[in-house]
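A.B. asks: Here's a sequence, model it:
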Amino acid sequence: MADQVCLLLGVHAHQPAGNFPEVLELAHTRCYRPFLQTLHRYPDFKFAAHFSGWLLQWLFDHHPQDMALLREMVVRGQAELFGGGDMEPVLAAIPTRDRVGQLTALSDRLERLAGRRPQGAWLTERVWEPTVVPALADAGIRYVTVDDYHFLCTGKAVEELDGYYTTEEDGRALDLFPISESLRYRIPFAPAGEAVRFIEQAGSAAIYFDDIEKFGIWPETHEWVYERGWLAQFIAGVLGSARIRTLHFDAFRGRTPTRGVIYLPTTSYTEMNEWTLPAPRAHAYANLVKQEKAHGRYDRDKPFVRGGIWRNFLSRYREANWMHKRMLGLSARLDALPAVKRTERMRELLYLAQANDAYWHGLFGGLYLPHLRRAVYNALVELEALLDGIAPRPAVERRDIDLDGSDELILHNRILQAIVRCDAHAAVVEFDSYSLSHNFADSLQRREEHYYAKIHLGERAQVQDGGIASAHDRVGFKHSIAPADILSDERLRALFLDSWQSLDGEAAITPSYMPETLPADAGLSAQFEARLPVGTVSKLVSIVDNRLTVHYRLRLTSDGRFDTQLNLAMPACDGVLGRYLFEGGVPGGFGQSLRLESASALSLEDGVLGGALALLTSAPATLVAQPHFTVSQSEEGFEKIMQAVTVTLSWPVGAGETQFAVALEVRRV
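C.D. replies: Down below sits the predicted model:
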């Protein structure tokens, strides 16, 4: 083996739970099927593959003939299967008990479907924290792959990364393979011959493990990899090389000793380390990287040019942190149940809620995609209902769920749940229907993103000579983006965000509410009081049966206008299955603007949800509804995504006392 290069090549396949069926089918047609069919024609080309559990099950259920190819390649010793968290969680972000459970669940699934139990594991987004070692070891995992960047940050040189190292934590050992960044950027974007020549110049091992979606789903890659024959040319070049030998990770580990002990820092891949930073800091980081590259120092100094860590997403995005802390709370409740009362469905729902995609954002990541957040909430709300059926909670609770220093009041019955922030807004930040397993308050605040600078600067893609551009280097526009589309919101997106404005044209004032103590017989309600320059406003939030009602009482010394804003998450978004119903007619869909001068009732009917939300007012209001869009960047370019229907209700309010109420009634259709 001294004169040979062992090519350890692996691919990672994943689709988020809750992704659209047409997206899954397209991914299979353009990538998974042709990749497996191509590899199947070359029995001597050994490779590793990781499929997240949800996608693996979907493929076996919908395309068993293609999965038969994978199983055959496993049996004949061509394919090595890698494990990982079953629903593709970031292991570092979930409790240790769930880490072991998720890892064991995928190993069980692989053994059942493919006949082999894995020894290696894929770490979601290559997020490394030393605390994950004990869970990996306890679940029977002996080695994982992480970026070579992780190793460079310890002081290792690139030349030292043609093997594997061993780490330990809490008495358990784990072997670590460094993935070559240079190889990741060449496969499959550089010409096949160039990639083969690069591998031939490596040391004892060339290590590659990256997204299979680069082989057919990323822009231009299906034509490049299959129609123009890149993959077949690459495989033929590797097999025809006198120096390269393909090998499984476990085989290499079985015949090659570890290079010694190592302790990696908490980090992920370099692009992720930029995405986790707030926009101003991300600008500074990107400029520093650009400066180092311009001076030819980046390859030398990049271990010392550090960005953020994956958990920064939880502090950057209130919405991600809220989902995460709700998930942790339900995980603890499930763990507290006697073992005989825990069901397989409960475990499945918890693991679905831990899927990484909806918790982060960058060029990839699904926080900006409402259907992926909805999949998390579907699981959380259903799990909570099951837990309440076995171990009921108090109907009214107060605690700081998201650890931001402000308490929340939790009101719930068997039908609905409303969670109200005990801060100046006194807004409803979660509004759940248990029968629909849906959170109507699941929206996303519009905020500054680092990639907005690319919109202004019009950066162009970087293409390797004779190859194609990676999605990381592309700058394109799926939709036309106007300056107003990327203005940051001044306040959070929630339900019942109030404001008052005098008739003299002064700027609107946001009431600064304080919670009040209610009598013991007040039922499922929370009361808040605020002072205005011209009086006071009282706000009572209550739940009865399938209706959430907010009662307002204003005592003012002058005339003005009172508004409340509701950001309602409707799954149909701007699709054809979402529509308004008003006085027996259909004035439009959720993707359109709507203005009603005197409205007491409006229904939002959603065919995707299978339900409707009736908005009712005790006093006629001017109603303005419009879609709320955010701008995100994906491999297809910059795009506008509808997050919610924003409904603003306005009432003229005179001097003296005025009372009115707004109700949201959940109905199935």
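A.B. asks: okay, and the helix or strand of this structure with the least pLDDT?
C.D. replies: helix 452-457 (a mean of 72; mean pLDDT, DSSP states H and E).
A.B. asks: So, low pLDDT: which residues of the stretch 1-150 of the chain?
C.D. replies: Within the stretch 1-150 of the chain, the ranges that satisfy pLDDT under 70 run 1-2.
A.B. asks: and stretch 124-133, how far from the chain's centre?
C.D. replies: 17 Å (Cα atoms, centre = their mean, to the nearest Å).
A.B. asks: Can you name the residues in contact with stretch 407-419?
C.D. replies: 381, 384, 388, 393, 395-402, 420-422, 428-435, 515, 524-526, 541-543, 545-548, 666 (Cβ atoms under 8 Å, 6 or more residues apart in numbering). The C-beta positions use only the backbone N, C-alpha and C, and glycine is treated the same way.
A.B. asks: Dump the C-alpha coordinates for it into CSV.
C.D. replies: In CSV, the C-alpha atoms belonging to stretch 407-419 read as follows (Å, rounded to 0.1, in the frame of the first residue of the first chain):
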residue,chain,number,x,y,z
ASP,A,407,-41.7,34.8,30.9
GLU,A,408,-44.5,33.4,28.8
LEU,A,409,-48.0,32.5,29.9
ILE,A,410,-49.2,29.2,28.6
LEU,A,411,-53.0,28.8,28.3
HIS,A,412,-54.4,25.5,26.9
ASN,A,413,-57.3,23.2,26.9
ARG,A,414,-57.8,19.9,24.9
ILE,A,415,-58.5,21.9,21.7
LEU,A,416,-56.2,24.9,21.6
GLN,A,417,-53.1,26.4,23.1
ALA,A,418,-52.0,30.0,23.3
ILE,A,419,-48.7,31.2,24.5
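A.B. asks: Please compute how far it lies from its chain's middle.
C.D. replies: On Cα atoms, centre = their mean, the centre of stretch 407-419 falls 25 Å from that of its chain.
A.B. asks: for stretch 186-194, same thing?
C.D. replies: 30 Å.
A.B. asks: mind listing what's buried in that stretch?
C.D. replies: By neighbour count with 16 or more other Cβ atoms under 10 Å, stretch 186-194 contains the buried residues 186, 187, 188, 189, 190, 191, 192, 194.
A.B. asks: before we move on, what about stretch 600-616?
C.D. replies: Applying 16+ other Cβ under 10 Å to stretch 600-616 flags 602, 603, 604, 605, 606, 609, 611, 612, 613, 614, 615, 616 as buried.
A.B. asks: For these, name the two members farthest from one another.
C.D. replies: 609 and 616 (18.6 Å; Cβ to Cβ).
A.B. asks: Any chance of TSV for the buried residues of stretch 600-616, columns distance to residue 629?
C.D. replies: As requested, the buried residues of stretch 600-616 are exported to TSV (distance: Cβ to Cβ, whole Å):
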residue	distance to residue 629
602	21
603	23
604	17
605	21
606	18
609	20
611	23
612	23
613	20
614	25
615	21
616	27
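A.B. asks: mind listing which of those are in strands?
C.D. replies: 602, 603, 604, 605, 606, 611, 612, 613, 614, 615, 616 (DSSP state E).
A.B. asks: what's around the nearest residue to residue 616 once chain neighbours are set aside, how many residues?
C.D. replies: The shortest distance from residue 616 to any non-neighbouring residue, by Cβ to Cβ, 6 or more residues apart in numbering, is to residue 663 (4.4 Å). Counted with other Cβ atoms under 10 Å, the neighbours of residue 663 add up to 17.
A.B. asks: ok, now how distant is residue 166 from residue 260?
C.D. replies: Distance of residue 166 to residue 260, computed by Cβ to Cβ, to the nearest Å: 7 Å.
A.B. asks: Of these two, which one has the most company?
C.D. replies: Shown here are residue 166 and residue 260; by other Cβ under 10 Å, residue 166 has more neighbours (15 against 10).
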